[in-house]
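>>> could you look at this predicted model? Sequence included:
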Amino acid sequence: MSEPAVTLRPAKPGWSATPLVANGLPVVRPLPGIAFMCLAGTIFPLMNGLAKLMSESYSSEQVVWARTLSHLLLVLAVLMPRYGVALLATRRPTVQLARSCMLLTSTFLFFSALKFISVAQAASISFVAPLIVVLLAGPVLGEKVSLGRVIAVLFGFFGVLVVIRPGSSVFQWASLLVLGSAACYAVYQLLTRLVAGVDKPETSVVYSALVGSVILSFVVPWFWKTPERWMDVLLLCSLGALGATGHYCVARALTYAPANFVSPFHYWQMVGSVAVGYLLFGDLPDEFTWIGTALIIGAGLYVGLRGGKIASVALRGASGGPRQPSG
């Protein structure tokens with residue numbers, strides 16, 4: 001007897017990270033999920049490397065403007081034909097504006113820091129963002145945070161201290177800009193959670209770049225430098241395309257496998273950052289950067305995997321399945 005035909009489809013249309021569904025059940029395809037997450041971890045360092053390269057000739061304001069505006073135009077070109085002006089309709093305009101401002105600030109701080117520190121060092125410090133989310137999830141979202149996860153966060157911050165080594169001769173003040181960027185990105189993620197069940201994901205994608213594009217369009221004339229080569233124009237415009245593609249790959253990864261499974265492969269970004277830093281600038285991380293990065297990634301993996309386990313236990317309990325003890 002032949003097996004019944006199975007139809008694969010997204011549970012909802014659009015760019016949302018909605019799992020594939022077969023006959024009413026979610027489909028887990030780990031290999032494509034891993035591949036898309038690793039691809040994102042390769043694209044983001046390339047974008048950061050090009051941003052560092054462009055920052056040698058252009059102001060941070062102009063580089064961030066090019067990254068944000070090109071991202072916005074690409075997203076509008078893809079989504080507007082389908083959704084029209086309804087794409088801009090939001091039930092939480094204040095939150096959307098706040099999250100967009102947080103993303104703009106995070107990007108500006110990160111790109112500004114890239115003028116002074118390596119791509120790999122910046123990436124390693126930025127990995128602390130998920131740990132900051134854990135600390136803020138309680139007061140902002142009312143989520144309970146276990147003692148084990150708090151201890152993991154402290155280990156992660158110790159890893160940051162190992163990377164930046166405050167008080168030593170190798171300390172670079174720009175590392176603090178990356179730390180500020182990670183904090184702003186953590187707030188951005190929390191605000192994104194607040195609108196996740198209210199606005200369409202496509203609307204949130206547009207607002208992520210909309211406010212930054214508008215604000216910087218008024219600011220950038222004061223810092224404007226006309227590109228001397230068409231290659232510079234191409235590279236500046238590619239920043240937004242690379243950013244949008246990277247985020248799309250993350251969303252695609254989440255359609256194939258659960259977040260707690262594919263998220264650890266996000267740390268492939270460190271490998272990509274080292275490769276890009278070496279190929280474009282001849283930079284290689286020292287042993288302290290590797291040690292600190294290992295501590296940060298280890299803490300992030302514990303927090304992420306532990307959070308995924310807690311979520312799966314809660315789902316089994318809600319569906320009437322057996323509950324397992326959580327530590």
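Sure, I can see it. Numbering: from 1, shown residues only.

>>> please report how far Glu143 lies from Ala183.
Distance, Glu143 to Ala183, using Cβ to Cβ, to the nearest Å: 18 Å. Glycine gets a C-beta too; all of them are placed from N, C-alpha and C.

>>> among those two, which residue is more densely surrounded?
Higher neighbour count among Glu143 and Ala183: Ala183, with 20 against 15, using other Cβ atoms under 10 Å.

>>> pretty sure Val160 sits against Ala129.
No: using Cβ atoms under 8 Å as the test, Val160 is too far from Ala129 to be in contact (11.0 Å).

>>> tell me which residue is most central in the chain.
Nearest to the mean C-alpha position of the chain, by Cα atoms, centre = their mean, lies His247 at 7.2 Å.

>>> tell me which element that one falls in.
In this assignment (DSSP states H and E), His247 forms part of helix 230-256.

>>> helices or strands next to that helix in the packing?
With contacts defined as 3 or more Cβ pairs under 8 Å, 6 or more residues apart in numbering; DSSP states H and E, helix 230-256 has these neighbours: helix 30-55, helix 60-83, helix 259-262.

>>> and the longest one, which residues are buried?
Right, helix 30-55. 33-55 (16 or more other Cβ atoms under 10 Å).

>>> hmm, back to that, what sits against the residue nearest to the centre of the chain?
When contacts are counted by Cβ atoms under 8 Å, 6 or more residues apart in numbering, His247 touches Ala40, Val205.

>>> give me the pLDDT for it.
Listed pLDDT for His247 reads 85.

>>> what about Val160 and Ala129, which has more around it?
Neighbour count, other Cβ under 10 Å: between Val160 and Ala129, Val160 has more, with 25 against 21.

>>> coming back round to it: among the helices and strands packed on helix 230-256, which comes closest to Ala251?
With respect to Ala251, and counting by Cβ to Cβ, the nearest of the helices and strands packed on helix 230-256 is helix 30-55 at 8.5 Å.

>>> so which residues of the stretch 101-250 of the chain form strands?
Assigned by DSSP state E, counting those that start in this stretch, the stretch 101-250 of the chain shows no strands.

>>> can you list the weak-confidence ranges in it?
141, 169-170 (pLDDT under 70).

>>> quick one, helices of the stretch 201-327 of the chain?
Using DSSP state H, counting those that start in this stretch, the helices assigned to the stretch 201-327 of the chain run over residues 201-219, 230-256, 259-262, 268-281, 287-318.

>>> of these, which is nearest Val119?
helix 268-281 (4.1 Å).

>>> which strands and helices sit next to the closest one?
Counting contacts by 3+ Cβ pairs under 8 Å, 6+ apart, helix 268-281 packs against helix 30-55, helix 119-126.

>>> and the first one, how far out from the chain's middle?
For helix 30-55, the distance between its averaged C-alpha position and the chain's averaged C-alpha position is 10 Å (Cα atoms, centre = their mean, to the nearest Å).

>>> mean confidence for it?
Averaging pLDDT along helix 30-55 gives 92.

>>> nearest to Ile151, of the helices and strands packed on helix 230-256?
Proximity to Ile151 (Cβ to Cβ) singles out helix 259-262 among those, at 19.3 Å.

>>> now do the closest one, average pLDDT.
Mean pLDDT, helix 259-262: 74.

>>> send me that helix as PDB with only the CA atoms.
The C-alpha trace of helix 259-262 is given here as PDB (Å, rounded to 0.1, in the frame of the first residue of the first chain):
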ATOM      1  CA  ALA A 259      15.000  27.800  17.900                       C
ATOM      2  CA  ASN A 260      16.700  26.000  20.800                       C
ATOM      3  CA  PHE A 261      18.200  23.500  18.200                       C
ATOM      4  CA  VAL A 262      19.500  25.900  15.600                       C
END
